[in-house]
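>>> What follows is a protein structure lacking sequence information:
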């Protein structure tokens, strides 16, 4: 299929479906569900996909689903393994209030789609509906698997999908993430690392406590906690290659309830972020050892809970070029731009430890808008024209990957976007 034919087909599909897709996104936004509670979202998706003859399969925990579109050209051939392209969206919302004054404001207290997952889900639904039509017309040269994943914000949903067999027969995988710094109609592409690793750390210090008048007769948990909070990030800056950008930022500190009493327990919680995979793998032992060394100096006992969360998302070069090629064909070459690596984390990284693929940035900012509504803020919203852009990009990328089957020789040359 030529690019102009695909663009025409996408134009016709979106002209007929854009209103439905916008309504679907607004419905999800008004009815957000946090990780592993996405039952309503899963049900709506399953019903809509089944209505066009697809057979969605709900994941074992009851939220999220998989659905395949099309069949392999040669089911008995080993080529089948390389010709299944997966597209992924995440379903879950964040535990925060929605402070926007819009008709589709969240109706669920304390839960809000403040990261754009409602957009990701709607884009993938629209892509699936379009590709189902292409398959019916005999224009889908292989099989596409849609992965509607739960619990991305918890950092565990991708691993659940993999455990359920979601990557079986998949040769390549793609995903989009909203980017409020990028104008609507634009796509940010990068080869290599695009997001950082992010781990969670909780340090609990304990000691006998006592009167503040006699600190020498106690183990001063508060003072030791202060030393850990300030000295640990500084120590890491001298123990790790600065090019890895490993950083520790504390988000919660708690100790004591009276001004004149040294408590017997203190807690600090934070995140460890890193751009480099090797440094990320070494971080847990390094951080834990440093905590114990500081605690020992002040006579307190340290318990460290280090939760390894997401590795860096590392885009495979060929997959990133497929994104760029596809988007250039349906949006125009000027719409595809390089994007920097982010210190944010994304559990899409787990898929890329198993199969090649890429994550790209979908522009959601209204051009000329005076305020950027950033991710994870209660006022976050998008220019809904991004839905149509996302459908165009995801459909074209899936078809590009199927057409090329690991080779760009038959396609227009792609720009290389790297760090």
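Great, that's in hand. This one's a predicted model, so the numbers in the text were calculated from it and none came from an experiment. Residues are numbered from 1 along each chain as shown.
>>> contacts, neighbours, all on C-alpha from now
Will do.
>>> Where do the helices of the stretch 51-200 of the chain begin and end?
Counting by DSSP state H, counting those that start in this stretch, the stretch 51-200 of the chain has helices at residues 79-82, 117-136, 157-163.
>>> Among those helices, show the one with the smallest mean pLDDT.
Of all these, the segment with the smallest mean pLDDT is helix 79-82, scoring a mean of 46.
>>> any low-confidence regions in the chain?
Low-confidence segments of the chain (pLDDT under 70): 1-4, 72-82, 405-419.
>>> Centroid-nearest residue for it?
Centroid-nearest residue in the chain: residue 346, 3.5 Å away (criterion: CA atoms, centre = their mean).
>>> Would you agree that residue is in contact with residue 152?
Yes - when contacts are counted by CA atoms under 8 Å, residue 346 is listed as touching residue 152 (7.3 Å).
>>> Disregarding flanking residues, what is the spatial nearest neighbour of residue 359?
Of all residues not flanking residue 359 in the chain, residue 175 sits nearest, at 4.8 Å (CA to CA, 6 or more residues apart in numbering).
>>> partners of that neighbour in the sheet?
On the basis of DSSP bridges, residue 175 is bridged to residue 88, residue 359.
>>> show me the contacts for residue 41.
Residue 41 makes contact with 28, 33, 91, according to CA atoms under 8 Å, 6 or more residues apart in numbering.
>>> Just send those back as CSV, with distance to residue 227 and neighbour count too.
Shown next, in CSV, are the contacts of residue 41 (distance: CA to CA, whole Å; neighbours: other CA atoms under 10 Å):
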residue, distance to residue 227, neighbour count
28, 45, 27
33, 39, 24
91, 40, 32
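>>> Confirm that residue 10 sits in a helix.
Yes - counting by DSSP: H, G, I helix; E, B strand; the rest coil, residue 10 is located in a helix.
>>> Tell me who's in contact with it.
The contact partners of residue 10, taken as CA under 8 Å, 6+ apart, are 130, 392.
>>> Check whether residue 185 really touches residue 366, as I assumed.
No - in this structure, residue 185 is not within contact of residue 366 by CA under 8 Å, at 9.3 Å.
>>> Could you pull up phi and psi at the nearest residue to residue 276 once chain neighbours are set aside?
Spatial nearest neighbour of residue 276, chain neighbours left out: residue 244 (4.9 Å); criterion: CA to CA, 6+ apart. Backbone torsions of residue 244, given as degrees, to the nearest 10, read phi -80, psi -10.
>>> Likewise for the one 10 residues further on?
When read as degrees, to the nearest 10, the backbone of residue 254 gives phi -150, psi 130.
>>> roughly how far apart are residue 255 and residue 215?
For residue 255, the distance to residue 215 equals 16 Å [CA to CA, to the nearest Å].
>>> These two: who's more crowded?
residue 255 (17 against 13; other CA atoms under 10 Å).
>>> what pairs with the more buried one across the strands?
In beta-bridge terms (that is, DSSP bridges), residue 255 pairs with residue 266.
>>> That one and residue 362: what is the separation?
Counting by CA to CA, the gap from residue 255 to residue 362 is 42 Å.
>>> Residue 185 and residue 366 - which one has more neighbours?
A count of neighbours by other CA under 10 Å puts residue 185 above the other of residue 185 and residue 366, at 23 against 20.
>>> so who does the more buried one touch?
331, 335, 362-364, 385-386, 389.
>>> Same question for stretch 365-377: list its buried residues.
Neighbour counts over stretch 365-377 (16 or more other CA atoms under 10 Å) mark 365-366, 372-377 as buried.
>>> same deal with stretch 136-156?
Buried residues in stretch 136-156, counting neighbours by 16+ other CA under 10 Å, are found at 140-156.
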